[in-house]
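J.: Below: sequence and its predicted model.
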Amino acid sequence: MTTESAPDGRPRVVSRGPDGAYGAPVDLSGMIAQERRRAADLIEPLTPDQLRTPSLCSEWTVHDVAGHLLMPLVTPLIRFVAAMVTSGFDFDRANVRLTAKVSSLPAPEIAAALRQRAGHPFRPPGSGYEAPLTDLVVHQQDMRRPLGLGTDVDPDHLRTCLDYVASGKAKAVASARRVSGLRLQATDLDWSAGDGALVRGPGEALLLAMAGRSVALDDLDGEGVAVLRQRPTG
């Protein structure tokens with residue numbers, strides 16, 4: 001998987017298929033914008049009880065995860081630096097503090113802001129645009145699964161995220177050690193990666209399992225599932 005710029009400056013990613021052949025370039029910024037709008041459509045109609053539902057993401061509620069998706073798009077750099085300083089330069093602690101502020105907004109305001117900023121060029125320092133795309137896809141499932149709202153993900157977006165996480169570059173999502181020595185194979189996509197004990201199932205469940213969401217392991221099979229269950233989720 002390689003990232004390049006289109007003539008208009010928009011980031012694109014070129015992926016290799018299971019046979020090693022390069023596929024057609026895909027528009028990462030367009031994918032990110034679509035996922036932000038999709039997240040807005042998910043968040044906007046949720047009831048207070050749904051927003052209070054625990055998500056799959058640590059101790060966050062669905063409302064907290066919604067705020068997290070908006071937080072980097074509305075937080076000035078100076079405020080982020082200040083949060084890092086007051087958090088002892090612990091990124092996770094700073095993230096929790098900044099997210100709490102944005103999560104205090106009503107869900108319809110979060111949704112409207114996500115739509116308004118769908119094309120925002122944010123990406124974490126040192127990361128490519130695959131990072132915010134993967135964050136959006138995984139965190140939407142963190143909300144959807146506990147709410148019973150389905151697990152469908154755009155297959156092109158999902159394939160891009162799977163490539164990114166399986167590459168070992170997605171350190172904020174999953175350490176390379178989590179999937180080392182495993183053969184990952186999607187049953188609903190033309191996608192596979194790695195060598196070793198087989199882990200097989202829907203692409204969405206593979207992505208969540210690689211990202212440490214143990215609930216997704218129940219949707220997978222193969223001798224490698226037992227290996228994944230024993231590995232740290234962080």
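T.: Perfect, thanks for sending it. Numbering: from 1, shown residues only.
J.: Stretch 167-180: end-to-end distance?
T.: Stretch 167-180 has an end-to-end distance of 10 Å (criterion: Cα to Cα, to the nearest Å).
J.: Distance from it to the middle of the chain?
T.: 13 Å (Cα atoms, centre = their mean, to the nearest Å).
J.: Ok, stretch 167-181 next?
T.: That offset, for stretch 167-181, works out to 13 Å (Cα atoms, centre = their mean).
J.: Give me the distance between the two termini of it.
T.: End-to-end distance of stretch 167-181 (Cα to Cα): 13 Å.
J.: How about the secondary structure of the residue nearest the centre of the chain?
T.: Closest residue to the average C-alpha location of the chain: Asp135 at 2.5 Å, with Cα atoms, centre = their mean. Using DSSP: H, G, I helix; E, B strand; the rest coil, the secondary structure recorded for Asp135 is helix.
J.: any idea how far it is from Asp49?
T.: 26 Å (Cβ to Cβ, to the nearest Å). In this view, the C-beta of every residue, glycine as well, is placed from N, C-alpha and C.
J.: Gln141 now?
T.: From Gln141 to Asp49 the distance is 20 Å (Cβ to Cβ).
J.: So the two - more neighbours on which side?
T.: Gln141 (26 against 9; other Cβ atoms under 10 Å).
J.: counting contacts, what elements does the helix or strand containing that one pack onto?
T.: Taking DSSP states H and E as the definition, one finds Gln141 inside helix 130-147. Packing partners of helix 130-147 (3 or more Cβ pairs under 8 Å, 6 or more residues apart in numbering; DSSP states H and E): helix 28-43, helix 62-74, helix 155-166, helix 203-210.
J.: Can you say which of those is packed in most?
T.: Among the helices and strands packed on helix 130-147, ranked by average contacts under mean count of other Cβ atoms under 10 Å, first place goes to helix 203-210 (a mean of 26).
J.: tell me the average confidence for that one?
T.: Averaged over helix 203-210, pLDDT sits at 96.
J.: burial of Asp92, as a residue count?
T.: Neighbours of Asp92 (other Cβ under 10 Å): 10.
J.: could you say which helix or strand contains it?
T.: Going by DSSP H and E, Asp92 is part of helix 91-103.
J.: Can you identify the element that follows that helix toward the C-terminus?
T.: helix 107-116.
J.: what's that next one in contact with?
T.: Under the contact criterion Cβ atoms under 8 Å, 6 or more residues apart in numbering, helix 107-116 has outside partners 36-37, 39-41, 43-44, 46, 51, 63, 66-67, 69-70, 73-74, 102-103, 105.
J.: In this structure, where is pLDDT below threshold?
T.: Filtered on pLDDT under 70, the chain yields the residue ranges 1-25, 234.
J.: about what we covered before: please write out the alpha-carbon positions of the helix holding Gln141 in PDB.
T.: The C-alpha coordinates for helix 130-147 follow below in PDB (Å, rounded to 0.1, in the frame of the first residue of the first chain):
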ATOM      1  CA  GLU A 130      -5.400   6.200   6.200                       C
ATOM      2  CA  ALA A 131      -5.300   7.000   9.900                       C
ATOM      3  CA  PRO A 132      -8.400   9.300  10.100                       C
ATOM      4  CA  LEU A 133     -10.300   7.000   7.700                       C
ATOM      5  CA  THR A 134      -9.600   4.000   9.900                       C
ATOM      6  CA  ASP A 135     -10.500   6.000  13.000                       C
ATOM      7  CA  LEU A 136     -13.800   6.900  11.500                       C
ATOM      8  CA  VAL A 137     -14.700   3.400  10.300                       C
ATOM      9  CA  VAL A 138     -13.700   1.700  13.600                       C
ATOM     10  CA  HIS A 139     -15.400   4.200  15.900                       C
ATOM     11  CA  GLN A 140     -18.600   4.100  13.900                       C
ATOM     12  CA  GLN A 141     -18.600   0.300  14.600                       C
ATOM     13  CA  ASP A 142     -17.900   1.100  18.200                       C
ATOM     14  CA  MET A 143     -21.200   2.900  18.300                       C
ATOM     15  CA  ARG A 144     -23.200   0.700  15.800                       C
ATOM     16  CA  ARG A 145     -22.600  -2.700  17.300                       C
ATOM     17  CA  PRO A 146     -23.800  -2.000  20.900                       C
ATOM     18  CA  LEU A 147     -26.800  -0.200  19.500                       C
END
